[in-house]
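Visitor: Provided below for reference: sequence and predicted model.
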Amino acid sequence: SYKPSIYDNVVLKQKYKNSEIAPGTPIPQGAEIELVLGQSRNMGNTVTPDLSGLTREEAELEAAEFMLNIGTVIYDETVILYIDTVNAKVYTHHVPWGENIYAQVYVKDANWIYTGGNPVNLTEKEWTNASLTVPTGVLMPIKEIGIKFMDGDYNEINGANIYIDSIDW
């Protein structure tokens, strides 16, 4: 039988009773073996597989199905992640001092440098969405994702009953 290859008539594998056998495997004398030979496609154009959205390992496996190899990989440094926005849902149960409370989503980059989003005023007994679009200058990997809580003068606060439902990245 034949299998696509860049070389014509090269032995790619050998089979005995429909199972691939390794070189040196003993078989009965006079037994019939099947040779799987390479068959080129005239080395013209080939179909290009769609590797979009695959991991490198998945892309290598898919490319191999088309008899292609992955060569040098050049990463696009402008891509942060699939999603470059951090979203959070925050709920305040009770504000003991009756002031405004603000939430600021932040990240700390590979050098532990702080980058914060716009502070969002939290409304007592309501869920509030807060987010941060991570700037392209932030060094990967992200070391920390968090929410900073502040009073009306943007001083960090502690002691309020605040609940975080989710942080999505």
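Guide: Looks like it came in fine. Residues are numbered from 1 along each chain as shown.
Visitor: in three-state terms, label the residue nearest to Asn69 when sequence neighbours are not counted for me.
Guide: On the basis of Cβ to Cβ, 6 or more residues apart in numbering, the spatially nearest residue to Asn69 that is not a chain neighbour turns out to be Ala63, at 6.6 Å. All C-beta atoms are positioned from the backbone trio N, CA, C, and that covers glycine. Following DSSP: H, G, I helix; E, B strand; the rest coil, we place Ala63 in the helix state.
Visitor: Ala63 contacts Pro49, doesn't it?
Guide: Yes: between Ala63 and Pro49 there is a contact under Cβ atoms under 8 Å: 6.0 Å.
Visitor: any idea which strand is longest in the chain?
Guide: In the chain, taking DSSP state E as the definition, the longest strand is strand 85-94.
Visitor: need the next SSE after that one, C-terminal direction.
Guide: strand 101-108 (DSSP states H and E).
Visitor: tell me what that next one is packed against?
Guide: Here strand 101-108 touches strand 85-94, strand 114-116, strand 120-122, strand 127-133, strand 144-150, strand 161-168, going by 3 or more Cβ pairs under 8 Å, 6 or more residues apart in numbering; DSSP states H and E.
Visitor: okay, now Glu60: neighbour count?
Guide: Glu60 has 15 neighbouring residues, counting by other Cβ atoms under 10 Å.
Visitor: meant to ask about Glu156, not that
Guide: A total of 9 residues lie near Glu156 under the criterion other Cβ under 10 Å.
Visitor: can you name the residues bridging to the nearest residue to it once chain neighbours are set aside?
Guide: Leaving aside its sequence neighbours, Glu156 sits nearest to Met150 (Cβ to Cβ, 6+ apart; 5.8 Å). Met150 forms beta bridges with Tyr102, Glu156, as assigned by DSSP bridges.
Visitor: ditto for Ser131
Guide: When bridges are called by DSSP bridges, Ser131 pairs up with Asn87.
Visitor: what's stretch 19-28 in contact with?
Guide: 13-16, 33 (Cβ atoms under 8 Å, 6 or more residues apart in numbering).
Visitor: and of the residues you listed, the nearest to Asn111?
Guide: Lowest distance from Asn111 to the contacts of stretch 19-28 (Cβ to Cβ) belongs to Lys13, with 51.0 Å.
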